[in-house]
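Asker: make a model of this:
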Amino acid sequence: MKNLVIVESPTKARTIEKFLGSDYVIASSYGHVRDLPKGELGVDVENNFKPKYVIPTKARKNLNILKKEAEKADIVILATDEDREGEAIAWHLEETLKANKKKTQRIAFHEITEGAIKEALKNPRDIDINQVNAQQARRILDRLVGYKLSPFLWKKVVKGLSAGRVQSVAVRLIVEREREHDAFKQQEYYTIEALLAKDEPAFIALLHAKDKNPLDKLSIQSQIEADDILNVLNNAVWKVESVSAKETRKAPLPPFTTSTLQQTAGMRFGWPAKRTMMLAQNLYERGHITYHRTDSLNLAESAIFAVREYIERVFGKEYVLPSARAYKTRAKGAQEAHEAIRPTNPENTPERIKLEPAQKKLYTLIWQRLIASQMPNALFDAKTIVIETGTPYIFRATGSTQKFPGFLKIYPMKIEENDLPELARGDELSLKNLEAVQHFTQPPARYNEATLVKALEKYGVGRPSTYASIISTIQDRNYVRKNEQKRLEPNEIGYLVNDLLVEHFPRIVDIEFTAHMEKDLDQIADGKREWHEVLAEFYGPFEKNLEKKYEEVQKASTDEQTDKKCPKCGKPLVKKIGRFGEFLACSGFPECKHTESIGQKEKELGVYCPHCVEGKVITKKTRRGKEFFGCLRWPDCKFATWDKPHIVIPPGSTTPRIEKCPQCERGVLTEKGKKLVCSEKECKYEVKV
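Answerer: Residues are numbered from 1 along each chain as shown. Alright, predicted model coming up:
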């Protein structure tokens, strides 16, 4: 008897292979085997939104192999991921393989371990068509928006633009935050700080109140006001009015969801969400962590038991809670049937398993977070000292020291401790220093990837599995860029497209509407709504509005005159906005097709071009920001290379030049790591340096 088990990826297949015997053949579908066609809508809007599925060229060869294996198998087991995407892949496989449905089984599991796989094999189920329909509805919705709205943007803005249903909302959030940032008016304010001591060490107290009325952050708004207070305090008598102490607690954070994992990895390691998800997927497929696309905070009882045993053995009974902690997610529409992200075996410490450095960093984070979630609160002794001055002004000093580390023993966090001296009411203090410190209010922070994920989750836009692709897509489309601080800023084309959509297609970029659509998709998945009905409710008004806007909206004029002349024909150059941002173009187009980039820092290498021997070689950037090296006389001279040309000073000369390839004499030598390589692809010359 031979059973065929089909999963999505080769890594997942290799892991499952370890747990099953010779009766099983494990194969990979390499993701989706069918999709909507490229280059056409692929949805029959007149016939209940019937999708036209095609087999992508890259999937055909592997699919033929799967068909042959399915024909030979006694049972075909579809073991794709336990979410809508995985359910849809299983359905497409069943439809495409055309295997006897009586010999086809669907199994699902939350972790790739021997126990979980064997338990799933004992309990096969049918494909959940509601989950499939929810995924189909999302795919068709996105296709309708993308393929209907994009041509409108081509006609009214610039060719090559794309519009995405959820991505457009993300761009809107970034644009609105940027405008808040631009409109922000900086405000000056001051704090008054006193360095005081009874005995050593000294401590800092801040002005807190006047006439027993607490002062707020912006109470002192000028140097003059601050100086007036300092003058009053010249003759102050500093004395302790009261000392109060209390115990404070800090609770551990829950185990990770997809969103919080992306946020934390972003803040701690500076990783984009896409990288975090790629690493997490690898850890999952190798059997080290549970499924990484989840918004649940639930933990299996067996995992909690193992964690509590580990804590008692390693840290002692004082670190074991009387009963396990239970966490409840606040995320909108969370799938509580799933589990949080955790190590499949809590006993597998980061030191026990062999991982690549980046994988180890992420696994360590997940493992520490799980263990910490079942440990006691950290305890702190907090102290507040109130100081009178014999004037209307009252100062206050606050501090805290750790009393019991609790979960901090395993999950380090930045917690500032400030140990204040032992003082009592009536103690007299000496003033060491008194100063007014100038501050300025700060504008709302631009989003980074972590805070954008947090915002998308807060508003219920998208789902855990979509956050990484949303953020990646809006950058790939050049609507948004990362600045030097890794903050997201809109590009000119992002502003332009966003403003057009907000004005003319408000529902597409409306946060509440998009979040409501997620609820509709959830109801389809739960079998409470019919997917054609949801699509019809959206598409009818959308299509009617689109037809109207084709008539009403004039093409956006973004051309801006400049005083520069075209180097080819002498006509004025105009500044234009294209898909990849701003550029200069000849006003004589289409007769003259000259264009120039704007704002690129072109750094000369100090050598002449080896091709034309007239222009200098400079560093340039593509429209997507990738650096390359080319001739200053481009486009008249086409010399360009991705790798830095190797510069030498020939014997008997003082003039540097780019070294030609000694083998083909056509290409030049470029620096690639510790090797010099010929720039001509056909020439394989290389030499170590």
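Asker: for stretch 542-556, buried residues please.
Answerer: Neighbour-count burial for stretch 542-556, counted by 16 or more other CB atoms under 10 Å, picks out 542, 545, 546, 549. Where you see a C-beta, it was placed from the backbone N, CA and C, and this is true even at glycine.
Asker: chain center to it, what's the gap?
Answerer: Relative to the centre of its chain, stretch 542-556 is centred 33 Å away, using CA atoms, centre = their mean, to the nearest Å.
Asker: dump that stretch to PDB, keeping only the CA atoms.
Answerer: As requested, C-alpha coordinates have been extracted for stretch 542-556 and formatted as PDB (Å, rounded to 0.1, in the frame of the first residue of the first chain):
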ATOM      1  CA  PHE A 542     -17.800  50.100  -7.500                       C
ATOM      2  CA  GLU A 543     -18.400  49.500 -11.300                       C
ATOM      3  CA  LYS A 544     -21.100  52.200 -11.500                       C
ATOM      4  CA  ASN A 545     -18.800  54.700  -9.800                       C
ATOM      5  CA  LEU A 546     -15.800  53.700 -12.000                       C
ATOM      6  CA  GLU A 547     -17.900  54.400 -15.200                       C
ATOM      7  CA  LYS A 548     -18.900  57.800 -13.900                       C
ATOM      8  CA  LYS A 549     -15.300  58.800 -12.900                       C
ATOM      9  CA  TYR A 550     -14.000  57.900 -16.400                       C
ATOM     10  CA  GLU A 551     -16.200  60.700 -17.700                       C
ATOM     11  CA  GLU A 552     -15.800  63.200 -14.800                       C
ATOM     12  CA  VAL A 553     -12.100  63.000 -13.900                       C
ATOM     13  CA  GLN A 554      -9.600  65.000 -16.000                       C
ATOM     14  CA  LYS A 555      -6.100  63.600 -16.500                       C
ATOM     15  CA  ALA A 556      -3.800  64.900 -13.800                       C
END
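Asker: what's the mean pLDDT across that stretch?
Answerer: Confidence over stretch 542-556, taken as the mean pLDDT, stands at 90.
Asker: low-confidence stretches in the stretch 501-650 of the chain?
Answerer: Regions of the stretch 501-650 of the chain meeting the criterion pLDDT under 70 cover residues 579-581, 599-601, 623-625.
Asker: helices of that one, start to end?
Answerer: Under the criterion DSSP state H, counting those that start in this stretch, the stretch 501-650 of the chain contains helices at 511-525, 531-552.
Asker: make TSV from these and add distance to residue 434 to it.
Answerer: TSV is the format used below for the helices of the stretch 501-650 of the chain (distance: least, CB to CB, whole Å):
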stretch	distance to residue 434
helix 511-525	49
helix 531-552	64
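Asker: list the buried ones in the helix or strand hosting residue 194?
Answerer: Under the criterion of DSSP states H and E, residue 194 resides in strand 188-197. Along strand 188-197, the positions that meet the burial threshold by neighbour count (16+ other CB under 10 Å) are 189, 190, 191, 192, 194, 196.
Asker: closest one to residue 302 out of those, please.
Answerer: Using CB to CB, residue 191 is the member of the buried residues of strand 188-197 that lies nearest residue 302, at 52.8 Å.
Asker: the closest one contacts residue 437, correct?
Answerer: Yes: with the criterion set as CB atoms under 8 Å, residue 191 and residue 437 qualify as a contacting pair; they are 5.0 Å apart.
Asker: next, count neighbours for the closest residue to residue 165 other than its chain neighbours.
Answerer: In space, not counting the residues next to it along the chain, residue 165 is nearest to residue 145; the distance is 4.3 Å by CB to CB, 6 or more residues apart in numbering. Taking other CB atoms under 10 Å as the neighbour definition, residue 145 ends up with a count of 22.
Asker: swap in residue 635?
Answerer: By the measure other CB under 10 Å, the count of residues near residue 635 is 12.
Asker: grab the nearest non-local neighbour of residue 423.
Answerer: Distances taken as CB to CB, 6+ apart place residue 240 nearest to residue 423, at 5.1 Å, with adjacent residues excluded.
Asker: what helix or strand is that neighbour on?
Answerer: Using DSSP H and E, residue 240 maps to strand 239-250.
Asker: quick one: residues in contact with that strand.
Answerer: The list of residues contacting strand 239-250 from outside it, by CB atoms under 8 Å, 6 or more residues apart in numbering, reads 377-390, 394, 400, 403, 406, 408, 415, 423-429.
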